[in-house]
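Q: Output the structure for:
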Amino acid sequence: MDKLRIDKWLWAARFYKTRSLASDEVARGRVMVNGLAVKASRELKPGDTVALRQGPSTRSIVVRSLSAQRGPAPVAQQLYEETPESLALRAHLADQRQLGVEPAEHRAHGRPTKRERRDIEKGSWGQRWSASID
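A: Residues are numbered from 1 along each chain as shown. Purely as a prediction, here's the structure:
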């Protein structure tokens, strides 16, 4: 086998769970072969460079071999080789996610925590002599 459809290869290489998901991503323009946007029927051959977007990161891959069958992950990883630039970019993005801010620390407003709610209740009821608002 010297040529294979890009959507079949992406599915066999385990980048997408189903072939229809792979063809949808190709149709949306999230997959490029040798720097060009392609259709799902584009034939792929060994040596082609595939750039695909998965979530916030872009992966750049060199096709090593072709397979129309989806096999186990170790076999699928032998179908391609990720470029060093792509690996470095993914590692950098992973570090950025780990060093990201804690969402709870920057909460300006919204639902109070249990401790804040108790403080609110203790402070407001202690100043009133009745439950009605005057």
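Q: how close does the nearest residue to residue 89 once chain neighbours are set aside sit to residue 15?
A: In space, residue 89 comes closest to residue 57 once its chain neighbours are excluded; the distance is 6.6 Å by CB to CB, 6 or more residues apart in numbering. Every C-beta, even on glycine, is put in place using the N, C-alpha and C of the backbone. Relative to residue 15, residue 57 is positioned 13 Å away (CB to CB, to the nearest Å).
Q: So which bits of the least confident helix or strand in the chain by mean pLDDT are buried?
A: The helix or strand of the chain with the poorest confidence is helix 114-127; it has a mean of 77 (mean pLDDT, DSSP states H and E). For helix 114-127, the buried set under the neighbour-count rule, 16 or more other CB atoms under 10 Å, is empty.
Q: what sits up against it?
A: Outside helix 114-127, the residues that touch it by CB atoms under 8 Å, 6 or more residues apart in numbering are residue 112.
Q: where does residue 94 land in three-state SS?
A: helix (DSSP: H, G, I helix; E, B strand; the rest coil).
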